[in-house]
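> Sequence plus the predicted model coming up.
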Amino acid sequence: MPSIQLGISVYGQSLQHLRACIESCTSQKSEEFKLYITIRIDGSGEEAAVSDVRNYLRELAGQEDCLNLVEGEERLGTFGSYREIFSCSQSDYLCQVDADDALAPAALERSVKLIDAYEAASLMYTDCIDMDVDGCPIRLSGRQSLPYSDQNILVQFMTFHLRVVRREAYSFVGGYDPSLKYVGDYDLSLKLS
């Protein structure tokens, strides 16, 4: 049975968005794969909002057997945080889910079946839906409208969300570059291409 390491880096997201994200992730459990979810709080802080998020995540980690909470004391940045998350398991697949994202029902099951069907693929990606601040769908994102090719990915970051990456390919290209503040996921997609 394949395994998926799903990573969520938390820094400054609202409790409302984080709850929706995590609920969409824990609902992905399936008989088709083993799911591991690692949530990393990226740095410490004691203001009320951070404290509420931290308390919620601590409580949730005690309830969900597939969920591991890492309370990072050091601020590593988004891609430094994901790099640390993905170093803590040996799962077959890796999946970055930002703390304000939400997965469609059965998204991981469908994604694993697809990438399993194409053994040479280092990653697979899906369409995504843009949502408003309340989590209501607005439109299908235009990022994936350009067909994938080695040339097209140089001008359009179409491998945006959701990406499922083979661990061996991730390790081969060196994973996320933690020095990149905003484009670490694009950099990873380019290296995998």
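That came through fine.

> buried residues in stretch 1-21?
Residues of stretch 1-21 classed as buried: 4-11, 13, 17-18, 20-21 (neighbour count, 16 or more other Cβ atoms under 10 Å). (Glycine included, C-beta is placed from N, CA and C.)

> Please convert the residues you listed to JSON lines, extending it with distance to Glu71 and pLDDT.
Converted to JSON lines, the buried residues of stretch 1-21 look like this (distance: Cβ to Cβ, whole Å; pLDDT from 0 to 100):
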{"residue": "Ile4", "distance to Glu71": "23", "pLDDT": "96"}
{"residue": "Gln5", "distance to Glu71": "18", "pLDDT": "96"}
{"residue": "Leu6", "distance to Glu71": "18", "pLDDT": "96"}
{"residue": "Gly7", "distance to Glu71": "15", "pLDDT": "96"}
{"residue": "Ile8", "distance to Glu71": "13", "pLDDT": "96"}
{"residue": "Ser9", "distance to Glu71": "12", "pLDDT": "95"}
{"residue": "Val10", "distance to Glu71": "10", "pLDDT": "94"}
{"residue": "Tyr11", "distance to Glu71": "12", "pLDDT": "91"}
{"residue": "Gln13", "distance to Glu71": "15", "pLDDT": "87"}
{"residue": "His17", "distance to Glu71": "19", "pLDDT": "90"}
{"residue": "Leu18", "distance to Glu71": "14", "pLDDT": "93"}
{"residue": "Ala20", "distance to Glu71": "21", "pLDDT": "93"}
{"residue": "Cys21", "distance to Glu71": "18", "pLDDT": "94"}
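
> Which ones among these lie within helices?
His17, Leu18, Ala20, Cys21 (DSSP state H).

> Average pLDDT for the helix or strand containing Arg54, rounded please.
Element membership for Arg54 (DSSP states H and E) is helix 48-63. The average pLDDT within helix 48-63 is 85.
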